[in-house]
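In: requesting a structural model of the entry that follows:
(one chain, ligands or ions: 2)
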Amino acid sequence: MPRRSTTRNRTLPLSERVCLIHYHEIGLKGRNRSTFERRLLANLEAALSSWEPISITRIAGRLLIIPKNEEDLDRICEACRRTPGVVRVSCGWRCERSEEEMDACAKLALFDCGDFETFKVAARRSNTDYPVDSMTLNQTIGAYLCEAAPDKKVQMKDPDVTVHVEVVQGSVYVYSRTEPAVGGLPVGSSGRVVSLLSSGIDSPVASWRMMKRGAVVIGAHFSGRPETSDASEYLVDEIAETLAPYAGLARVYTVAFGTYQKRIAEVCPPKLRIILYRRLMLRVASRIAEVEHAQALVTGESLGQVASQTLDNIRTVDSCVDLPVLRPLIGTDKTEIIEEAEDLGTFEISSRPAEDCCTLFMPRSPATHARIRECEAAEKDYPLKDWIDEIMGDLEYKDYPCPAYHEGEASHTEHEAAEDKPAAERTD
Ligand code: ATP
Ligand code: MG
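Out: Ligands and ions are numbered 1, 2, ... in the order given. The predicted model follows:
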């Protein structure tokens, strides 16, 4: 293959800027693959709606985004990086299958990552209708770049810059800039959960982990109102707004819980209070899950973190509901949870003091090994079923952007009406 000249006089290539989305985990899902790809595509369309990209399409194991305006490329890349299901995002160029255009784009890509000393070309040909194989492409484009950047060195192992040249479906994609994304699975590919969302540090992280595994999250916040102010509700809303760009939190229900805690505190043994509050919370969350067709509940508990989070207490709490109670942080240390909350942007909000139902009527020494039977006996002292009905009738909720949830909203509302479930009052 003859060496091509870098000094040839020609106009800039007819290339356009593109963003390539990589998603290896979806690739592992066998026959479900196309469903997952469609879900990711729809989520990206919603996430990028403010930039109106020209197109988002599937090409050979990637999603291809063509922005309307080149200046939007970096912001589009950022939005894609925080979309669950996206593993890596590459910004580059698309050009025709012509040697000159490939060379010119490869040169642009070579200098796209800032300072560097070493580089290599990594070509991939997914269509054999293109006559030049990937080895030859590596050599010829590599030779061209050596001439274009004579002070840089080719290095096959761990080079500073890798110029990827992918010949796919009649076009060529060239890029070197690849950034890691959040990974996981596209929201909407793993069902729905109801997550007990306080204004503390842990539960936003637990909710995020579920979104990242593809679940649509419905939050349930228990406020101390009317025994406390509504400060925790504002914090939870701020947390929800912070999680909104990940498009996995669909709705947050708020329960005014103070009155019920007060009544429990009046009639029950102090040491059981926290467990009894938690059992009532889970029962309400379970009813919300019924209304929302959710398949599991989620909490931000971590084993042994506080007195209420022992194995005995977890068992006693879980025994009052049929749904599985997922605890994505059960084996995670507080320091790791804090790091994750900082990355998410929720830590600062969660660190602000706010009196919520957790701080209300706290006993001096809560039970660390509460028994199911003693809790059931204590619950006979209050009208549990009436309370749950009352709470369900007084629910408030606010919606957040989650395409996987709101797409099916019409049919969900019809279902709710048919089932004659209590209508929640909208607060948004
Ligand atoms: P976080 O509430 O984030 O865990 P925390 O450690 O102060 O902070 P805990 O008392 O440990 O709260 O509560 C354990 C779990 O119970 C929480 O992670 C959350 O899932 C649930 N929970 C507690 N309080 C509330 C609340 N007021 N509203 C909703 N869920 C709550
Ligand atoms: Mg906690």
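
In: ok, now which ones touch the residue of the stretch 201-350 of the chain found nearest ligand 1?
Out: Of all residues in the stretch 201-350 of the chain, the one sitting closest to ligand 1 is G300 (2.6 Å; C-beta to the nearest ligand atom). (Each C-beta comes from the backbone N, C-alpha and C, glycine too.) Under the criterion of C-beta atoms under 8 Å, 6 or more residues apart in numbering, the contact list for G300 reads 196, 198, 200-207, 327, 329, 337.

In: confirm it sits in a helix?
Out: No: the assignment for G300 is coil, going by DSSP: H, G, I helix; E, B strand; the rest coil, so no helix is present there.

In: ok, it to G219 distance?
Out: Relative to G219, G300 is positioned 11 Å away (criterion: C-beta to C-beta, to the nearest Å).

In: which residues do these two both contact?
Out: When contacts are counted by C-beta under 8 Å, 6+ apart, G300 and G219 have S207 as shared neighbours.

In: picking that back up, give me the subset of the contacts of G300 touching ligand 1.
Out: Checked against ligand 1 using C-beta under 6 Å from any ligand atom, the contacts of G300 give the following subset in range: L196, S198, G200, I201, D202, S203.

In: among these, name the ones in helices.
Out: Among the ones next to ligand 1 among the contacts of G300, the members falling in helices (DSSP state H) are D202, S203.

In: quick check: the two most widely separated of the ones next to ligand 1 among the contacts of G300?
Out: Distance extremes for those: the farthest pair is L196 and I201 at 13.8 Å, using C-beta to C-beta.

In: now the helices: where do they sit in the stretch 151-300 of the chain?
Out: With DSSP state H, counting those that start in this stretch as the definition, the stretch 151-300 of the chain shows helices at residue ranges 202-212, 231-243, 258-267, 273-292.

In: could I get those helices as CSV with mean pLDDT, distance to Y405 and mean neighbour count?
Out: Supplementary listing: the helices of the stretch 151-300 of the chain in CSV, determined by pLDDT from 0 to 100; distance: least, C-beta to C-beta, whole Å; neighbours: other C-beta atoms under 10 Å:
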stretch, mean pLDDT, distance to Y405, mean neighbour count
helix 202-212, 98, 11, 26
helix 231-243, 96, 13, 21
helix 258-267, 94, 28, 17
helix 273-292, 97, 9, 23
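
In: quick one: which of the ones you listed is nearest L311?
Out: Ranking the helices of the stretch 151-300 of the chain by their distance to L311 (criterion: C-beta to C-beta) puts helix 273-292 first, at 13.1 Å.

In: between that closest one and helix 258-267, how many degrees?
Out: For helix 273-292 and helix 258-267, the angle between their directions (axes from the mean of the first three to the mean of the last three C-alpha atoms, to 10 degrees) works out to 140 degrees.

In: who in the stretch 151-300 of the chain is up against ligand 1?
Out: Proximity of the stretch 151-300 of the chain to ligand 1 (C-beta under 6 Å from any ligand atom) is limited to residues L196, L197, S198, G200, I201, D202, S203, H221, F222, T299, G300.

In: again, only using 8 Å
Out: Near ligand 1, the residues belonging to the stretch 151-300 of the chain are 195-206, 220-224, 232, 236, 255, 257, 274, 278, 281, 298-300 when assessed by C-beta under 8 Å from any ligand atom.

In: who's in contact with the helix or strand that contains E376?
Out: Under the criterion of DSSP states H and E, E376 resides in helix 372-379. Outside of helix 372-379, the residues that reach it under the criterion C-beta under 8 Å, 6+ apart are V267, C268, P269, L272, I275, L276, R279, R315, T316, S319, C320.

In: could you check the angle that helix makes with helix 273-292?
Out: With the same axes, to 10 degrees applied, the angle from helix 372-379 to helix 273-292 works out at 80 degrees.

In: mind listing what's buried in helix 372-379?
Out: Applying a neighbour-count criterion of 16 or more other C-beta atoms under 10 Å, the buried positions in helix 372-379 are I372, E374, C375, A378, E379.
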